[in-house]
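Engineer: sequence first, then the predicted structure:
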Amino acid sequence: MIGRIQGMLAYKKAPRLLVDVHGVGYEMEAPMSTFYGLPEPGAQVSLHTHLVVREDAHLLYAFLRESERRLFRTLLKISGVGPKLALALLSGMSEQEFIRCLQHNDVDSLMRLPGVGRKTAERLIVEMRDRITGWNDTADAASVPTAGFGLEPAAADPVADAVGALVALGFKPQEASRMIRAVSTEGLASEDIIRQALQTTLR
């Protein structure tokens, strides 16, 4: 099991990133909550990781905070929740917001996330409720930075990158385009556009 990777951030384009460790590049996927806190490519990073082994691939997922990874792993234990849906959940709302939804049986807020229907939302509430006891006491207190970083030093088309990232997170192409059109994108990096689109649609 690969539990942590430390090296140079060589590339990032949500939800994918590449970390160079002594000449070996590790391709990973990460939730937007992690992307918001990443530095520019070329900087050193240390990431908690989770390895998913499938017959056709070994998939590596990256998280800035241990509490993010722990919530991701807990979600994978829920029937019907795979890595893609778990990433969408962590991208659409913070750990604290997700826990509040569970504690207050907030099915409607969970259903705003891509890939979450009523049955899945209800299953999450029922099966996750006992697993989050004391979570707020042990979760990292650090919050996601409010200032965004560019996904690439010179992004050719931030809007197209933002649409592609939302599609990768589970939104339908038409829905992703509609979300982007609903926010102001002028002069913003892809990551900031994604943040605004998620906040507008899911809050």
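Structural biologist: Received, thanks. Remember, predicted model here, so these are calculated numbers, not experimental data.

Engineer: residue nearest the centroid of the protein?
Structural biologist: With distances taken as C-alpha atoms, centre = their mean, Pro31 lies nearest the centre of the chain, 1.5 Å away.

Engineer: that one: what's it in contact with?
Structural biologist: By C-beta atoms under 8 Å, 6 or more residues apart in numbering, the residues touching Pro31 are Pro15, Phe63, Glu68, Phe72, Leu87, Leu90, Ser91. Any C-beta I mention is one placed from the backbone N, CA and C, and that applies to glycine too.

Engineer: so what pLDDT did it get?
Structural biologist: We have a pLDDT of 92 for Pro31.

Engineer: which helix or strand contains the nearest residue to it once chain neighbours are set aside?
Structural biologist: Counting by C-beta to C-beta, 6 or more residues apart in numbering, Pro31 lies nearest to Leu90, which is 3.6 Å off, once chain neighbours are set aside. Leu90 is part of helix 83-92 when elements are defined by DSSP states H and E.

Engineer: now do the contacts for the residue nearest to Pro31.
Structural biologist: Counted by C-beta under 8 Å, 6+ apart, Leu90 has contacts Pro31, Met32, Ser33, Glu68, Leu71, Phe72, Phe98.

Engineer: which ones among those are found in helices?
Structural biologist: Members of the contacts of Leu90 lying in helices (criterion: DSSP state H): Met32, Ser33, Glu68, Leu71, Phe72, Phe98.

Engineer: how near is the third one to Ala57?
Structural biologist: I take that to be Glu68. Going from Glu68 to Ala57 by C-beta to C-beta, to the nearest Å gives 22 Å.

Engineer: higher neighbour count, those two?
Structural biologist: Glu68 (24 against 8; other C-beta atoms under 10 Å).

Engineer: the more buried one contacts Thr49, doesn't it?
Structural biologist: No. Glu68 lies out of contact with Thr49 (C-beta atoms under 8 Å); the separation is 11.1 Å.

Engineer: picking that back up, what subset of the contacts of Pro31 is buried?
Structural biologist: Among the contacts of Pro31, the ones that count as buried by 16 or more other C-beta atoms under 10 Å are Pro15, Phe63, Glu68, Phe72, Leu87, Leu90, Ser91.

Engineer: what's the pLDDT at the fourth one?
Structural biologist: It stands for Phe72. 92.

Engineer: so that it lines up with my notes, have the first residue be 10 from now on.
Structural biologist: With 10 as the first residue, the last one maps to Phe81.

Engineer: distance check, the residue lying closest to it once chain neighbours are set aside against Pro167.
Structural biologist: Closest residue to Phe81 apart from its sequence neighbours, by C-beta to C-beta, 6+ apart: Ala95 at 5.1 Å. Going from Ala95 to Pro167 by C-beta to C-beta gives 26 Å.
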